[in-house]
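> Take a look and give me a structure for this.
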Amino acid sequence: MQEFSFTMPYRVRVADINYGGHVANSAILNIFQDGRIGYLAALGPYSELDLGGCGIILPEAHVYFRAEIFLGQELQIGVRCPEIGKSSFQLDYRIERDSVLTAEGSTPVICFDYQKRRPVRIPASFREALCAFEGI
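All right, here's what the predicted structure looks like:
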């Protein structure tokens, strides 16, 4: 996880498990979201609803499953931002169990004004915090 600027622990919950006895596909997106929330908070007073003047939307998500994950297992979620645009940025995610890759993926993140219902530029304060955190 050295290439990830942010990591946090996560314990697999009953709600994450599907009828196959392992973590459900949909739960991986929820785990990504938990990581994203932690990542934004690590940058400063930011959340999915407030990046310093706007919220975010995710138009798509990419998930790659590498190994099964089971109830009660301790995971590490890694999040990083490899790319920043004018009104969007990308987040990459990595989920490991005992340093073994179990799932990975990415989401484009678009800055969005929920009152005007349209994309907006990344707020300057958030861009500065993001660049400083990522060293870019």
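> Please, where are all the strands along the chain?
6-11, 55-57, 62-65, 74-84, 88-97, 100-113, 118-119 (DSSP state E).
> Between those, which one is closest to residue 134.
Ranking these by proximity to residue 134 (CB to CB) places strand 74-84 first, at 5.3 Å. All C-beta spots, glycine's among them, are computed from the backbone N, C-alpha and C.
> That closest one packs against which elements?
The helices and strands touching strand 74-84, judged by 3 or more CB pairs under 8 Å, 6 or more residues apart in numbering; DSSP states H and E, are strand 6-11, helix 25-43, strand 88-97, helix 124-134.
> Check which residues of that strand are buried.
75, 76, 77, 78, 79, 80, 81 (16 or more other CB atoms under 10 Å).
> got a list of contacts for it?
1, 3-12, 31-32, 34-36, 38-39, 69, 89-97, 102, 122, 127, 130-131, 133-134, 136 (CB atoms under 8 Å, 6 or more residues apart in numbering).
> try stretch 97-109
Contacts for stretch 97-109 (CB under 8 Å, 6+ apart): 1, 28, 31-32, 36, 56-69, 73-76, 88-96.
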